[in-house]
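Undergrad: after the sequence you'll find the predicted model.
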Amino acid sequence: MGNAQVQPPETAFCNLNDRDQEGLLLVQLYLLPAWFLSVFILGLPLNLLSLWIFLYRLKRWTRSTILIFNLTLADTSWLLALPFLVKFHLNQLYWTSGLPLCTAVRLLYHNYFYSSIFFVTSISLDRYLAIVHPLRSPTILGRRHTFLLCVLVWLVTLALSIPVADMTLIQTCPSNNHTICTLYLLLDVTSESLPYSLFCSIIGFFFPLVSICYCCLCSVRELRRRPGLHHPHGKWQRLMRVMRAVLVLFALLYLPYHLVRNAAIIMRALYPDSPASWGPSDLAFSLEMCLCSLNTCINPLFSCFVGRQFRREFHDSVVVLIRRCPRSKLAALLKREGTTVQQRQGVTTVSPL
């Protein structure tokens, strides 16, 4: 507890009866833990099933397979840290697990967030090469190069997240010795947090966004030069749908997160002696944390959208799991339909390991 410090901006988290911060405390004490728990219950089985399919069902790994597998690893690593955050918020923002675990949870969240961005960007790059440079694509980014790219992404995001460990503190409330696992953006001194947040926004979000926009525009231009490829069920149309999905993902999840995070720190820098003025931006950031956590549930569906082989195995595995629920009416319906299809086509369903 030698690193414990009293941070004035955390006064709202110390005084849980403060009516001026009622909305923020409502989100922190009730909405966040319920939301995180729901994401954990839904997201962990989806990602574990995805990992099982990658490791035991897919025979041939392409560039997309390697990238999606690493994206799933990033999601799963953060989901395993969620129970600690759920406990923290359910325990009235009282952290009892010590500074090392507090630092690990905050660092893991930051590392997961940017590794997810970089892997989604890499997937868009892979789609761009498949459209614009179909013949040179295997040479430019083969499976060996893709593996090295994934290693580079993990190393870069880890290096990008190291300052979070230095800025993570265990704060002690002066009135009741209540300890809080703080976020770096809630520090009262913004001389470190503001430059760091802006740097991460530029390197970890703005550059990937520009890269994705460039890949999407070049792909659209290339497709317009090939009018014979505009078949509604063609390969090129599927590739373009992937590019659009990536842009939507950035617009709905990543862009608001960075805007609100930087706004929360800037408000502290502009009004250092007015905690009441920080409330709206802190509340918006707390709500944005809920929204961004959905990413761990969306990515498995995004993986199905990207890879046809993965989508087929994922669908068959889910059908098998539903059939194993004896009291499920849906299971009986799927089983009856599956038997009809097998009799008609003479094929067998995928059974789990």
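TA: On my side now, so go ahead.
Undergrad: which residues of this protein score low on pLDDT?
TA: Applying pLDDT under 70 to the chain flags the ranges 1-12, 15-20, 175, 226-240, 303-311, 313-353.
Undergrad: and the strands in it?
TA: Secondary structure of the chain (DSSP state E): strands located at 170-172, 179-181.
Undergrad: which strands and helices lie in contact with the last one?
TA: Read it as strand 179-181. On a contact count with 3 or more C-beta pairs under 8 Å, 6 or more residues apart in numbering; DSSP states H and E, strand 179-181 meets helix 98-132, strand 170-172. C-beta here means a position set from N, CA and C on the backbone, and glycine is covered the same way.
Undergrad: how about the strands of the chain, which one is nearest Ala269?
TA: Closest to Ala269 of these is strand 170-172 (C-beta to C-beta; 19.3 Å).
Undergrad: want to try a markdown table for the strands of the chain, with distance to Tyr257 and mean neighbour count as columns?
TA: A markdown table is the format used below for the strands of the chain (distance: least, C-beta to C-beta, whole Å; neighbours: other C-beta atoms under 10 Å):
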| stretch | distance to Tyr257 | mean neighbour count |
| --- | --- | --- |
| strand 170-172 | 23 | 21 |
| strand 179-181 | 20 | 22 |
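Undergrad: reformat these as TSV; add distance to His145.
TA: Listed next are these as TSV, based on distance: least, C-beta to C-beta, whole Å:
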stretch	distance to His145
strand 170-172	43
strand 179-181	39
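Undergrad: out of these, which is closest to Gln92?
TA: Using C-beta to C-beta as the measure, strand 179-181 is the one of the strands of the chain that comes nearest Gln92, at 10.2 Å.
Undergrad: ok, residues contacting the closest one?
TA: Taking contacts as C-beta atoms under 8 Å, 6 or more residues apart in numbering, the residues outside strand 179-181 that touch it are 1, 4, 10, 13-14, 88, 93-97, 102, 105-106, 168, 170-173.
Undergrad: PyMOL command to pick out the buried ones of the residues you listed?
TA: Buried subset of the contacts of strand 179-181, written as a PyMOL selection, criterion 16 or more other C-beta atoms under 10 Å:
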select buried, resi 10+13+14+88+93+94+95+102+105+106+168+170+171+172+173
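Undergrad: how close does the residue nearest in space to the middle of the chain sit to Leu26?
TA: Of all residues in the chain, the one closest to the mean position by C-alpha atoms, centre = their mean is Asn295, 4.1 Å from it. Asn295 sits 23 Å away from Leu26, taking C-beta to C-beta, to the nearest Å as the criterion.
Undergrad: that'll do, ta.
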